[in-house]
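Novice: sequence plus predicted model, see below.
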Amino acid sequence: MIKQILLEEDRPYPNSAFPVLYYPEAFKEITNNDNPEREVIEKLGQHLYKRDWVDGIFPYHHFHNNTHEVLVCIEGEASVQLGGPNGKTVTFSKGDVLLLPAGTAHKRIEASDDFEIVGAYPDGIDYQTYREEDVASEEIYEKVRQESTKVPVPENDPVQGQEGAVQKYWK
């Protein structure tokens, strides 16, 4: 089951007309293996999501204006707020996948001590990160908002490949 999470613009966070795609337990089997980090990275790489990293989620609202981002929880659990201070909070647990469209604000509210995720980007795009203080003027906000609307829809879904939810919900 894939859940769509629609978010409103919440200045200085542009968010997106595309929904966040939330895949509960989509990688549960992989994350129960001996080396979930490596296996998740390999699986995402098969669907052309690269420039991967392993860490947590920043404890402040931020977004990427030039690329979409996939997050896979490989250990623990966290409450993650999507869309800015007026957005929606989801529980992000081991095996869950979140696909954030460009411009979508996200922030870790709280997390278990063992919380760890893998993050990656379609085609390994080098992401740009913006925080509230980086979008202090109307001119900058409009620039990054426009840039985020021009990010192309990925050819592949990070979980389901060429025939996945991205093609269904983002086209």
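Specialist: Structure's in. What do you need?

Novice: residue ranges of the helices in the protein, please?
Specialist: Taking DSSP state H as the criterion, the chain carries its helices at 28-31, 36-46, 138-149, 165-169.

Novice: for the last one, packing partners?
Specialist: Which is helix 165-169. Applying 3 or more CB pairs under 8 Å, 6 or more residues apart in numbering; DSSP states H and E, one finds that helix 165-169 makes contact with strand 20-23. Any C-beta I mention is one placed from the backbone N, CA and C, and that applies to glycine too.

Novice: make a markdown table from the helices of the chain and add mean pLDDT to it.
Specialist: As requested, the helices of the chain are exported to a markdown table (pLDDT from 0 to 100):
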| stretch | mean pLDDT |
| --- | --- |
| helix 28-31 | 96 |
| helix 36-46 | 97 |
| helix 138-149 | 97 |
| helix 165-169 | 96 |
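
Novice: export those to TSV and tack on mean neighbour count and distance to residue 54?
Specialist: Formatted as TSV, these follow (neighbours: other CB atoms under 10 Å; distance: least, CB to CB, whole Å):
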stretch	mean neighbour count	distance to residue 54
helix 28-31	16	12
helix 36-46	18	5
helix 138-149	15	25
helix 165-169	18	23
